[in-house]
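Asker: could you look at this predicted model? Sequence included:
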Amino acid sequence: MNDISLVIARNLSARLPFYYGWIVVFAAGTTTFARMAPSTTTLAVFVSPMADEFGWSRTLIAGSVSMGALSSIFISPAVGWAVDRYGVRLILTGSMLVLGVAMISLAWATVPLFFYMGFATGRVIFHVPVQIGTGALISRWFIRKRGRAIGIIYLAGAVGGIVTVQIASLAISHWSIGAAWLLLGGLVLAVAVLPSALLIVDRPETIGLQPDNQPPLSSEGRVELEEDSHGEAEWTPRQAMRTRALWVLTVVVGVLFMTQAGISVHVAAFFLDRGLSLTAAANAITINAAVNAFASLMWGAIIERTTVRVAMTGLMLLSAACSLSLLSVTSEGSAFGVAALLVLVAAGGNVLPPVAFASYFGRRTIGSIRGISETGVQVGQMIGALFSCLVYD
């Protein structure tokens with residue numbers, strides 16, 4: 001399969017009027033689109049219907065998010081290592097197959113154990129291989145245009161969020177919870193498996209290209225914290241773990257995702273509690289999720305034009321404002337406004353960390369380094385989703 005993908009890539013690269021890296025962005029984008037099937041915003045549509053049909057508490061349902069995050073903590077370093085060792089293409093293709101099957105299996109999950117097995121598996125795919133793999137892949141293909149390329153990746157995720165929420169809402173309203181899970185699993189398999197398998201190439205050098213389609217630079221003057229031929233520092237995982245920057249970024253991003261998970265898992269149920277209908281709650285999430293498409297590109301432009309410190313500080317302040325704004329929800333219109341703030345924060349949380357880690361630590365072992373740092377995200381999501389529903393219950 002790897003030979004087939006290389007042949008396709010070389011042939012397309014020779015014929016395309018633009019850089020093959022943008023084909024890689026498209027292929028990786030299909031996985032960020034598909035990973036939204038087990039997203040917290042999609043689960044939010046299921047919370048009240050599942051509580052009504054199965055008699056489950058919100059804490060029990062949201063616990064699947066924490067279970068996925070807990071599992072991801074132990075899996076993340078191994079997946080990061082595998083991304084560097086075996087390549088992003090293999091990891092993403094296998095992940096999409098597992099995700100599709102996991103979503104389909106939820107159609108028969110009428111007891112908590114089976115629901116946890118299926119949905120927590122989907123959350124592991126959401127957290128680990130897609131997050132680490134796409135970030136590492138784009139960081140290897142782009143340097144100067146890294147922010148906008150990752151912004152486009154998560155624009156695809158924004159579109160996926162719109163599609164999966166609407167599919168879930170319509171299927172639950174017109175058919176059943178099981179039908180919704182079947183449709184989501186089929187969507188994953190149809191959209192993401194073949195592009196991942198056939199179009200992804202891990203590094204531009206493999207097919208005779210350079211990052212950003214630039215000519216190779218002189219490699220003179222390399223030092224033993226190495227620099228690649230494009231002037232980026234190349235840290236090993238061991239070197240990175242000795243730096244303050246790695247742990248500060250890990251903690252900050254973990255806190256961001258703790259807050260985000262605590263809100264997003266329950267936002268649809270919160271809107272229902274405030275008097276909105278299920279359709280209105282889904283529309284509030286979906287219509288404002290369109291903001292995510294533009295916000296992903298916006299954050300990509302911001303991170304290319306300012307420092308990581310300034311961009312992350314602005315994102316954390318916006319996250320605090322988003323949390324407080326929930327108190328203002330009294331109507332469908334105010335719900336739309338809050339949902340818009342929520343997706344602005346989500347877009348920044350997706351776009352900024354991959355660029356930040358690659359900018360600090362380089363391209364060579366970025367998979368392993370992200371595998372270590374993503375544990376902060378998973379701890380944050382585990383705490384946030386469970387803590388908020390425990391307080392509610």
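Answerer: Perfect, I can see it now.
Asker: where do the helices of the stretch 1-150 of the chain begin and end?
Answerer: Secondary structure of the stretch 1-150 of the chain (DSSP state H, counting those that start in this stretch): helices at 2-15, 21-34, 40-54, 58-86, 88-105, 112-127, 129-141, 146-174.
Asker: tell me the most buried of those helices?
Answerer: helix 129-141 (a mean of 28; mean count of other CB atoms under 10 Å). Using the backbone N, CA and C atoms, a C-beta is placed for each residue, glycine as well.
Asker: could you check how far that helix is from the centre of its chain?
Answerer: Distance, stretch centre to chain centre, for helix 129-141: 11 Å (CA atoms, centre = their mean, to the nearest Å).
Asker: likewise for stretch 104-120?
Answerer: 22 Å.
Asker: okay, the residue nearest to the spatial centre of the chain: pLDDT?
Answerer: By CA atoms, centre = their mean, the chain has its centre lying nearest to residue 131, at 4.9 Å. Looking at residue 131, its pLDDT reads 84.
Asker: does it touch residue 375 like I think?
Answerer: No: counting by CB atoms under 8 Å, residue 131 does not reach residue 375; the two are 11.8 Å apart.
Asker: now residue 174: how far from residue 50?
Answerer: 17 Å (CB to CB, to the nearest Å).
Asker: now swap in residue 10 and tell me
Answerer: In terms of CB to CB, residue 10 sits 48 Å off from residue 50.
Asker: phi, psi of residue 210?
Answerer: phi -130, psi 160 (degrees, to the nearest 10).
Asker: is it true that it touches residue 143?
Answerer: No: with contacts counted by CB under 8 Å, residue 210 stays clear of residue 143, the gap being 9.4 Å.
Asker: where are the low-confidence patches of the stretch 101-250 of the chain?
Answerer: By pLDDT under 70, the low-scoring segments of the stretch 101-250 of the chain are 215-234.
Asker: poorly predicted segments of the stretch 251-393 of the chain, please.
Answerer: Looking at the stretch 251-393 of the chain by pLDDT under 70, you get 265, 277-290, 293, 363-364, 385.
Asker: tell me where it has helices.
Answerer: Ranges of helices within the stretch 251-393 of the chain are 267-273, 278-305, 308-325, 332-361, 366-392, based on DSSP H, counting those that start in this stretch.
Asker: out of these, which is closest to residue 245?
Answerer: helix 332-361 (5.4 Å; CB to CB).
Asker: mind giving me the packing neighbours of the closest one?
Answerer: If you count contacts as 3 or more CB pairs under 8 Å, 6 or more residues apart in numbering; DSSP states H and E, helix 332-361 packs onto helix 129-141, helix 146-174, helix 244-264, helix 267-273, helix 278-305, helix 308-325, helix 366-392.
Asker: next, the angle from that helix to helix 308-325.
Answerer: Angle of helix 332-361 versus helix 308-325, following axes from the mean of the first three to the mean of the last three CA atoms, to 10 degrees, is 160 degrees.
Asker: list the buried ones in helix 332-361?
Answerer: Judged by neighbour count using 16 or more other CB atoms under 10 Å, the buried positions of helix 332-361 are 332, 334-336, 338-361.
Asker: could I get the phi/psi values of residue 128?
Answerer: Phi and psi for residue 128, reported as degrees, to the nearest 10, are phi -100, psi -70.
Asker: could you measure from the closest residue to residue 19 other than its chain neighbours over to residue 272?
Answerer: Distance criterion CB to CB, 6 or more residues apart in numbering; nearest residue to residue 19, sequence neighbours excluded, is residue 213 at 4.1 Å. Look at residue 213 and residue 272: by CB to CB, they are 49 Å apart.
Asker: ok, residue 376 next?
Answerer: Residue 376 sits 31 Å away from residue 272 when distances are taken as CB to CB.
Asker: could you do residue 24 as well?
Answerer: Residue 24 is 41 Å from residue 272, by CB to CB.
Asker: also residue 20?
Answerer: Separation of residue 20 from residue 272 (CB to CB): 46 Å.
Asker: surely residue 72 meets residue 129?
Answerer: No: look at residue 72 against residue 129 with CB under 8 Å: they stay out of range, at 9.8 Å.
Asker: one step back: between the helices and strands packed on helix 332-361, which gets nearest to residue 109?
Answerer: Closest to residue 109 of the helices and strands packed on helix 332-361 is helix 146-174 (CB to CB; 14.5 Å).
Asker: give me the angle between the closest one and helix 332-361.
Answerer: Computed by the same axes, to 10 degrees, the angle separating helix 146-174 from helix 332-361 equals 140 degrees.
Asker: quick check: buried residues in the helix or strand just after helix 146-174?
Answerer: Counting by DSSP states H and E, the element after helix 146-174 in chain order, helix or strand, is helix 177-199. By 16+ other CB under 10 Å, the buried positions in helix 177-199 come out as 177-185, 187-189, 191-193, 195-199.
Asker: so what does helix 177-199 touch, helix or strand wise?
Answerer: Packing partners of helix 177-199 (3+ CB pairs under 8 Å, 6+ apart): helix 2-15, helix 21-34, helix 40-54, helix 88-105, helix 146-174.
Asker: repeat that for 6 Å
Answerer: Contact analysis of helix 177-199 by 3 or more CB pairs under 6 Å, 6 or more residues apart in numbering; DSSP states H and E lists helix 21-34, helix 88-105, helix 146-174 as its packing neighbours.
Asker: what helices or strands is the shortest one leaning on?
Answerer: What it means is helix 21-34. Where contact means 3+ CB pairs under 6 Å, 6+ apart, helix 21-34 is packed against helix 129-141, helix 146-174, helix 177-199.
Asker: show the contacting residues for residue 154.
Answerer: Residues in contact with residue 154, defined by CB atoms under 6 Å, 6 or more residues apart in numbering, are 296, 350, 351.
Asker: what's around the closest residue to residue 130 other than its chain neighbours, how many residues?
Answerer: Excluding its sequence neighbours, the residue lying closest to residue 130 (CB to CB, 6+ apart) is residue 35, at 4.5 Å. As a burial measure, residue 35 scores 29 neighbours (other CB atoms under 10 Å).
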